[in-house]
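J.: Structure for this input, please:
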Amino acid sequence: MIEHPAFPVEEWSIRETGLHLDTLVQTESIFALSNGHIGLRGNLDEGEPHGLPGTYLNSFYELRPLPYAEGGYAFPESGQTVINVTNGKLIRLLVDDEPFDVRYGELQDHERELDFRAGVLRRNVRWTSPAGRTIKVSSVRMVSFTQRAIAAISYEIEPLDAPVRVVVQSELVANEALPTQSNDPRVGAALASPLESEEYQAQGTTGLMVHHTRISGLRIGAAMDHLVEGPPEMVVESESSSDVVRVSITGRLKPGERLRIVKLIAYGWSSLRSRPAIHDQIMAALSAARLTGWDGLLAEQRAYLDDFWTRANVEIEGDPQIQQAVRFALFHVLQAGARGERRPIPAKGLTGPGYDGHAFWDTEIYVVPVLTLTQP
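T.: Numbering: from 1, shown residues only. Down below sits the predicted model:
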């Protein structure tokens, strides 16, 4: 292995020093988080720029018809494709009316770290807006191994050189536009806006959406809540529509003051349960996450991985690059199947839509033996 200057060799993490827009598709897969049930690609918190937006649920798919100009014996009539479900990762930030976008202004520092022992993705940014305001943004993202339905994000803003007015827009977004991933027009037609709305609501710091797929008929619910710490003079507003639920938090910050938002996200889906049942399921998952709290979720995650590494760690002396590679591979194998339970482990895990999310014989040959030895 050859060390990449943007990825220093560290035995217990993958760290990216600097942001390279031309490799976003690759780094979004490297920094993906999953528990085998929920998968979040490593997209930037503010959503753009992106290589491929992605939020996936194990075995949640849409049917796509496969018409032929001329039919033939045993021609398949449809295919199944994993779809990008409701995106709960989005946290947009405006600083004195300037959207925080790394393509504008001056990106002074940008670092991301996937921590194999803590089970989190950390991001630290220092950015100067086109208007000359410098801020520091820190985020920590996790997909819980212990609470299968829960993902969570801690997002913190601090001005460095002058008072600023900030607006944080935390969102749930369904049917977000995706770049074309296939030359087959049948695939694109089937996967454009695959979710139909059944319910949406927002109140205070909470929001909820329930959708179903147009053809396969699977039902999905996503909900969010926020724990806010900051100056007392803050305004919290919420709004909802069929494909967007938004909670906006507005305040003024002076240098040395911070606004911290903990976003809790819950997912649930079923091919059988009713809309009220899915609604109640995700609200119950949020209640459990609120009870645990951010620090409790981090502690549960660390304890789970401490237990895993006690059995799974492979120590290699004299070659830190190979040591890093082995632990990275073990961590992603764990993420691919830990809470998949009775569902299959896709060839790409839940890091992207490769192979349409299908599972193959590789699972029995390569993945199951590793999990049998490390996470029986």
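J.: All the helices of the stretch 101-250 of the chain, residue numbers only.
T.: 185-191 (DSSP state H, counting those that start in this stretch).
J.: ok, and the closest non-adjacent residue to Leu160?
T.: Setting aside the residues directly before and after it, Leu160 is nearest to Thr134 in space (C-beta to C-beta, 6 or more residues apart in numbering), at 4.5 Å. Yep, even glycine has a C-beta here, placed from its N, CA and C like the rest.
J.: Pull the number of nearby residues for that neighbour.
T.: Neighbours of Thr134 under the rule other C-beta atoms under 10 Å: 19.
J.: right, and it touches Val125 too?
T.: No. Thr134 is beyond contact range of Val125, at 10.9 Å (criterion: C-beta atoms under 8 Å).
J.: wait, what's in contact with the closest residue in space to Pro65 that isn't next to it in sequence?
T.: Once flanking residues are discounted, Pro65 sits nearest to Ser78: 5.3 Å by C-beta to C-beta, 6+ apart. By C-beta atoms under 8 Å, 6 or more residues apart in numbering, the contact set of Ser78 is Leu63, Arg64, Pro65, Leu66.
J.: isn't the first one right up against Leu218?
T.: No. Contact status for Leu63 versus Leu218: not in contact, 9.8 Å apart, counting by C-beta under 8 Å.
J.: Check which strands are paired with the helix or strand hosting Arg252 and give the direction for each one.
T.: For Arg252, the element it lies in under DSSP states H and E is strand 244-253. Its sheet considered, strand 244-253 pairs with strand 164-173 (antiparallel), strand 235-240 (antiparallel) by DSSP bridges.
J.: Output the below-cut-off pLDDT ranges for this protein.
T.: 1-5, 68-69, 181-190 (pLDDT under 70).
J.: which residues does the most centrally placed residue in it form a beta bridge with?
T.: By C-alpha atoms, centre = their mean, the chain has its centre lying nearest to Leu40, at 2.6 Å. Beta-bridge pairing for Leu40 (DSSP bridges): Leu33, Thr55.
J.: from memory it sits against Phe31, does it?
T.: No. Leu40 sits out of contact with Phe31 when judged by C-beta under 8 Å, with a separation of 9.3 Å.
J.: Check the offset of the longest helix along the chain from the chain's centre.
T.: In the chain, assigned by DSSP state H, the helix with the most residues is helix 275-312. Distance of helix 275-312 from the chain centroid (C-alpha atoms, centre = their mean, to the nearest Å) equals 15 Å.
J.: what separates whichever helix or strand comes after that helix from the chain centre, distance-wise?
T.: Next in sequence after helix 275-312, counting helices and strands by DSSP H and E, comes helix 320-337. Here helix 320-337 is found 19 Å from its chain centre; the criterion is C-alpha atoms, centre = their mean.
J.: Same check on stretch 76-92?
T.: 12 Å.
J.: Run through who's touching stretch 285-297.
T.: By C-beta under 8 Å, 6+ apart, stretch 285-297 touches 142, 144, 146-147, 149-150, 152, 154, 206, 223-225, 227, 262, 264, 266-268, 300.
J.: swap the cut-off to 10 Å and go again
T.: If you take C-beta atoms under 10 Å, 6 or more residues apart in numbering as the criterion, stretch 285-297 is touched by 119-120, 140, 142, 144-154, 206, 208, 221, 223-225, 227, 260, 262-268, 298-300.
J.: And for stretch 310-323?
T.: The contact list for stretch 310-323 (C-beta under 10 Å, 6+ apart) reads 1-3, 8-12, 116-117, 305, 324-327, 329-331, 333-334, 370-371, 373-376.
J.: Nearest spatial neighbour of Val235, chain-adjacent residues omitted?
T.: Thr250 (4.5 Å).
J.: Verify the contact between that neighbour and Asp96 for me.
T.: No. Contact between Thr250 and Asp96 fails when scored by C-beta atoms under 10 Å: they sit 11.8 Å apart.
J.: Between the two, which contacts overlap?
T.: Arg165, Val166, Val167.
J.: How many residues are close by the nearest residue to the last one once chain neighbours are set aside?
T.: Okay, so that is Val167. Spatial nearest neighbour of Val167, excluding adjacent residues (C-beta to C-beta, 6+ apart): Leu94 at 4.3 Å. Residues lying near Leu94 (other C-beta under 10 Å) number 18.
J.: for Leu94, helix, strand, or coil?
T.: strand (DSSP: H, G, I helix; E, B strand; the rest coil).
J.: any idea how far it lies from Glu233?
T.: 17 Å (C-beta to C-beta, to the nearest Å).
J.: same question, Gly337
T.: From Gly337 to Glu233 the distance is 47 Å (C-beta to C-beta).
J.: now do Gln108
T.: Gln108 is 29 Å from Glu233, by C-beta to C-beta.
J.: How about Gly105?
T.: Distance from Gly105 to Glu233, counting by C-beta to C-beta: 26 Å.
J.: So which of the two has more stuff around it?
T.: More crowded of Gly105 and Glu233, by other C-beta under 10 Å: Gly105, with 20 against 8.
J.: Which parts of the stretch 1-150 of the chain are strands?
T.: In the stretch 1-150 of the chain, the strands defined using DSSP state E, counting those that start in this stretch lie at 13-17, 33-34, 38-40, 55-57, 61-65, 78-82, 91-95, 98-99, 106-115, 120-128, 134-143, 150-159.
J.: would you list these in CSV and tack on distance to Gly318?
T.: Listed next are the strands of the stretch 1-150 of the chain as CSV, based on distance: least, C-beta to C-beta, whole Å:
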stretch, distance to Gly318
strand 13-17, 20
strand 33-34, 31
strand 38-40, 35
strand 55-57, 38
strand 61-65, 45
strand 78-82, 41
strand 91-95, 42
strand 98-99, 48
strand 106-115, 24
strand 120-128, 28
strand 134-143, 33
strand 150-159, 37
